[in-house]
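Asks: Just to be clear, the model below is a prediction. Sequence and coordinates:
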Amino acid sequence: MLLESLGWGPDLDPALSHLSSSSPFPLVPGRVVRQARGLLSVQTAERLFLARTSGRLLHQAAGIEALPTVGDWVALTLPQGEGEALLQAVLPRRGVLVRREAGSEHEGQLIAANLDVVFLVAGLDGNFNPRRIERGLAVAWKSGATPVVLLSKADLHEDVPARLAEVRALAPGVSVFALSTHLGTGLDEVRACLPPGKTGLLLGSSGVGKSTLVNRLLEEERLATQSVRVDDNKGRHTTTHRELFMLPQGGLLIDGPGVRELGLWGEEEGVEQAFVDVLTLAAGCRFSNCGHQREPGCAVRAEVEAGRLSQERLDHFEKLQREQAHKERQTNGAAQREHKRFEKNRTLEGWQRSRVKRRGE
């Protein structure tokens, strides 16, 4: 197998050469194509290996984000015979998607690496949620990959054009496609996003049809599928691991378990790109620190009152900003100290105002 068919590019050659020059053992490049409960499968030009992470890499890793994940290019030392390969290093990445670990404020969880496209899959059924799409866009933009929204189960919705218009309004600059694996609509659009050597990731909650989409693109029933529960429109977890698939036309696609919670992780540029329309409006406010509440000359409030910007979108933007700021304070000492100074000054100013008011009474 040619490594180029897995997405290898000449930009990775210098890093591999540098590692090889200082290694006492021959290093072989490969790509992590499967991750299941800590076990990794790595595809090299010769064959597929089960691999474990070397103790040296585990010791030197600065955190969970430095460890290998599906989609990573890695340097291996191969076994003698049929044993496990040893993963010695992770090669430079691009397009890395990380979310906050569910139930934790201090740990990030690597989802996939070396992504070109992140497909946000949302079902046009009872589980449709515009706010979930906005959050997914923030996480996808932060990865450095290009987000694309897929509205699955289009054959079950009576007004697909209206849904498309709604999502395009909250996803400026993002391609939005209606998808029906039952009718075959939207599949060509997905294929067009994944030319040979390019890697995509399917991201969405359980039951939106990710595994069914993979099967249609692979043109075979590779993955098991299940229907959603009728009582609450929630999907069942069918896929329990993350895996990279090579599509017949040459593109690559990563599927994994459904994600119920997408906690923000990293800097704020993902939120800014997901809400570029709100930020553009905010630039026209009279005051640079406008809170978009009752301030005079607020361009954002004017759009809300005119019905051109929904209050729900503005509220969600502010919620994600607060979440991002809270996460930053939890992981950044300087940000935490700045927040404490801000709170102290705000409390002092409030006390001084109340004191002046009491004197005037």
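Replies: Received the coordinates, thanks.
Asks: Look up the closest residue to Thr69, ignoring the ones flanking it.
Replies: Nearest residue to Thr69 in three dimensions, chain neighbours excluded: Leu110, at 4.0 Å (CB to CB, 6 or more residues apart in numbering). C-betas here are computed from N, CA, C, even on glycine.
Asks: That neighbour contacts Arg93, correct?
Replies: No. Under the criterion of CB atoms under 8 Å, Leu110 is not in contact with Arg93, lying 9.8 Å apart.
Asks: quick one, which of these two is more surrounded?
Replies: When neighbours are counted by other CB atoms under 10 Å, Leu110 comes out ahead of the other of Leu110 and Arg93, with 23 against 17.
Asks: Run through the bridge partners of the more buried one.
Replies: In this structure, Leu110 bridges to Val98 when assessed by DSSP bridges.
Asks: Show the contacting residues for it.
Replies: Residues touching Leu110, when contacts are defined by CB atoms under 8 Å, 6 or more residues apart in numbering, comprise 64-65, 67, 69, 96-98.
Asks: so what's the nearest residue to Ala89 once chain neighbours are set aside scoring on pLDDT?
Replies: Spatially, and ignoring its direct neighbours in sequence, Ala89 is nearest to Ala75 (4.4 Å; CB to CB, 6+ apart). Each residue has a pLDDT score; the one for Ala75 is 96.
Asks: Could you count how many residues lie near Ala75?
Replies: For Ala75, the tally of surrounding residues (other CB under 10 Å) stands at 22.
Asks: List the neighbouring strands of the strand or helix carrying it plus their orientation.
Replies: Ala75 belongs to strand 73-77 when elements are defined using DSSP states H and E. Taking DSSP bridges as the criterion, strand 73-77 sits next to strand 28-36 (antiparallel), strand 85-90 (antiparallel) in its sheet.
Asks: tell me how far it is from the chain's mean position?
Replies: Computed by CA atoms, centre = their mean, to the nearest Å, the chain-centroid distance of strand 73-77 equals 24 Å.
Asks: same question, stretch 123-136
Replies: If you compare the mean C-alpha spot of stretch 123-136 with that of the full chain, they lie 15 Å apart, counting by CA atoms, centre = their mean.
Asks: got the contact list for it?
Replies: Under the criterion CB under 8 Å, 6+ apart, residues 120, 122, 147, 149, 151-154, 156-157, 160, 163, 166-167, 170-171, 178, 203-205, 207-209, 228, 233-235, 262, 264, 274-275, 312-313, 316-317, 320 lie in contact with stretch 123-136.
Asks: Would you list the buried entries among the residues you listed?
Replies: 120, 122, 147, 149, 151-154, 157, 160, 163, 166-167, 170-171, 178, 203-205, 207-209, 228, 235, 262, 264, 274-275, 313, 316-317, 320 (16 or more other CB atoms under 10 Å).
Asks: Select from those residues every entry located in helices.
Replies: Among the buried ones among the contacts of stretch 123-136, the members falling in helices are 160, 163, 166-167, 170, 274, 313, 316-317, 320 (criterion: DSSP state H).
Asks: Could I get those in CSV, plus columns for pLDDT and distance to Gly197?
Replies: As requested, those are arranged in CSV below (pLDDT from 0 to 100; distance: CB to CB, whole Å):
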residue, pLDDT, distance to Gly197
Val160, 94, 32
Arg163, 94, 32
Glu166, 93, 34
Val167, 94, 29
Leu170, 90, 31
Ala274, 82, 27
Arg313, 89, 36
His316, 87, 36
Phe317, 87, 36
Leu320, 85, 33
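Asks: secondary structure element for Asp13?
Replies: With DSSP H and E as the criterion, the answer for Asp13 is helix 13-21.
Asks: Which other helices and strands does that helix contact?
Replies: Taking 3 or more CB pairs under 8 Å, 6 or more residues apart in numbering; DSSP states H and E as contact, the helices and strands that helix 13-21 lies on are strand 73-77.
Asks: between the strand it packs on and helix 13-21, how many degrees?
Replies: When axes from the mean of the first three to the mean of the last three CA atoms, to 10 degrees is applied, the directions of strand 73-77 and helix 13-21 differ by 20 degrees.
Asks: Identify all contacting residues around strand 73-77.
Replies: Strand 73-77 is contacted by residues 8, 12, 16, 19-20, 23, 25-32, 42, 44, 49, 51, 68, 85-91, 93, 114 when judged by CB under 8 Å, 6+ apart.
Asks: buried sites along that strand?
Replies: When burial is assessed from 16+ other CB under 10 Å, strand 73-77 yields the following buried residues: 73-77.
Asks: And for stretch 192-203?
Replies: For stretch 192-203, the buried set under the neighbour-count rule, 16+ other CB under 10 Å, comprises 193-194, 197-203.
Asks: From the chain's centroid, how far away is the helix holding Asp13?
Replies: Between the mean C-alpha location of helix 13-21 and the chain-wide mean there is a distance of 29 Å, by CA atoms, centre = their mean.
Asks: Can you give me the distance of the residue nearest to Thr199 when sequence neighbours are not counted to Val208?
Replies: Taking CB to CB, 6+ apart as the measure, Thr199 lies nearest to Leu252, with 4.4 Å between them; neighbours along the chain are not counted. In this structure, Leu252 and Val208 are separated by 20 Å, where distance is defined by CB to CB, to the nearest Å.
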